[in-house]
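Enquirer: when you get a sec, could you give me coordinates for this:
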Amino acid sequence: MAKANLNCPACGAGLRVAAFECPDCGIEVKGKFDFVHTPFDALSEKQVDFLMAFLKCQGNMSRVQNELQLSYPTAKKKLNEVLITLGLLANTTEKKEEIKVMDVNCWNVAENSQRASDVVKRKLKSCGGRAIVTSYSGKEYEVWAEADGKKFGSDALHGITHEYEIFDVVVDYLNTHKGWAKKGTGRAPLGSEKCGLDTVAGVILHDYFQVPVGGSGLDPSFLVVAVLEWAGIIRNCRGYVELTSDYFVPKEREE
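Expert: Numbers count the residues shown, from 1 in each chain. Take a look at the predicted model:
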């Protein structure tokens with residue numbers, strides 16, 4: 001059934017109902033009746049369908065993508081359109097600087113490599129260069145392949161980018177330490193109880209950022225762990241991470 005147009009096609013003023021008809025007996029009730037307007041009246045049929053899918057998936061964008069077979073940018077755009085129509089998001093015409101994402105169609109990625117960096121690249125390529133990853137707490141972050149093909153970015157990093165090597169640093173450490181490690185936190189000094197050299201955060205600070213013991217620095221470990229889990233390389237558990245069986249390849253520890 002076509003959606004009723006609530007505005008006059010000639011002048012645009014709001015229409016008023018003048019009669020109701022019973023579909024069973026045909027009786028008509030005439031008078032002056034006002035529509036009960038809600039913000040949802042302005043949604044198109046397709047926008048209503050998207051909103052229903054969004055609610056069905058309880059707001060989880062990854063599930064919405066799977067439900068509607070949409071890429072993340074398309075799903076995010078449709079959500080913004082619904083929010084704008086409902087008056088919940090400003091429809092600004094100001095042009096924001098576009099994130100320069102890698103053109104994955106010409107991205108040469110090692111197809112058979114099991115290196116964590118290559119596995120992440122392959123999965124990003126299959127997603128068109130963008131993906132949503134989920135932290136242990138359930139918070140979602142967008143991750144994308146930077147245009148140079150050497151680094152990745154994320155809305156969680158606030159403009160900072162990292163090389164894919166950061167994933168190899170973590171996975172190589174796990175493989176030399178029985179396939180698991182505590183997460184730790186880079187907010188504490190490197191070498192302290194909360195950021196030991198045997199934690200994921202500590203390994204990233206020491207081996208990737210080259211921070212000396214006692215120092216501190218950026219802590220992207222929460223995102224690195226989320227990406228590795230999304231790529232199927234680790235399991236992100238409470239307080240620790242462990243390699244999945246496909247990526248646990250014990251290596252000789254250095255003397």
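Enquirer: restricting to C-alpha, output stretch 45-57 in CSV.
Expert: Coordinates of the C-alpha atoms in stretch 45-57 are reproduced here as CSV (Å, rounded to 0.1, in the frame of the first residue of the first chain):
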residue,chain,number,x,y,z
GLU,A,45,9.7,3.0,3.1
LYS,A,46,13.3,2.0,2.6
GLN,A,47,14.4,4.1,5.7
VAL,A,48,11.7,2.3,7.7
ASP,A,49,13.0,-1.1,6.5
PHE,A,50,16.6,-0.1,7.5
LEU,A,51,15.4,1.2,10.9
MET,A,52,13.6,-2.1,11.6
ALA,A,53,16.7,-4.1,10.7
PHE,A,54,18.8,-1.8,12.9
LEU,A,55,16.4,-2.4,15.9
LYS,A,56,16.2,-6.1,15.2
CYS,A,57,20.0,-6.2,15.4
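Enquirer: hang on, E146 packs against G153?
Expert: Yes - E146 is in contact with G153 according to C-beta atoms under 8 Å; the separation is 5.3 Å. C-beta here means a position set from N, CA and C on the backbone, and glycine is covered the same way.
Enquirer: which one of those two is surrounded by more residues?
Expert: Residue environment comparison for E146 versus G153 gives the larger neighbour count to G153, 21 against 18, counting by other C-beta atoms under 10 Å.
Enquirer: before we move on, the earlier item: tell me, what's touching E146 and G153 both at once?
Expert: With C-beta atoms under 8 Å, 6 or more residues apart in numbering applied, the overlap between the contact sets of E146 and G153 consists of T161.
Enquirer: which stretches of the stretch 51-200 of the chain form helices?
Expert: For the stretch 51-200 of the chain, the helices defined by DSSP state H, counting those that start in this stretch occupy 61-68, 72-85, 116-126, 165-176, 200-203.
Enquirer: ok and the next helix or strand after the shortest one relative to helix 165-176, angle-wise?
Expert: So the one you mean is helix 200-203. Tracing the chain C-terminally past helix 200-203 and defining elements by DSSP states H and E, one meets helix 221-230 next. Angle between the axes of helix 221-230 and helix 165-176 is 70 degrees (criterion: axes from the mean of the first three to the mean of the last three C-alpha atoms, to 10 degrees).
Enquirer: the next helix or strand after helix 221-230 pairs with which strands, parallel or anti?
Expert: Remark: after helix 221-230, the chain's next helix or strand is strand 234-236, criterion DSSP H and E. Each strand that pairs with strand 234-236, with its direction, by DSSP bridges: strand 240-243 (antiparallel).
Enquirer: touching the strand it pairs with from outside, list them.
Expert: By C-beta under 8 Å, 6+ apart, the surrounding residues in contact with strand 240-243 are 171, 174-175, 179-183, 200, 225, 228-229, 233-235.
Enquirer: ok, 7 Å please
Expert: Outside of strand 240-243, the residues within contact range by C-beta atoms under 7 Å, 6 or more residues apart in numbering are 171, 174-175, 179-183, 200, 225, 233-235.
Enquirer: stretch 132-146 too?
Expert: Counting contacts by C-beta under 7 Å, 6+ apart, the residues touching stretch 132-146 from outside are 61-62, 72, 99, 101-102, 104, 124, 129-131, 152-156, 161, 222-223, 226-227, 230, 236.
Enquirer: contacting residues around V101?
Expert: By C-beta under 7 Å, 6+ apart, the contact list for V101 reads G129, R130, W144, A145, A147.
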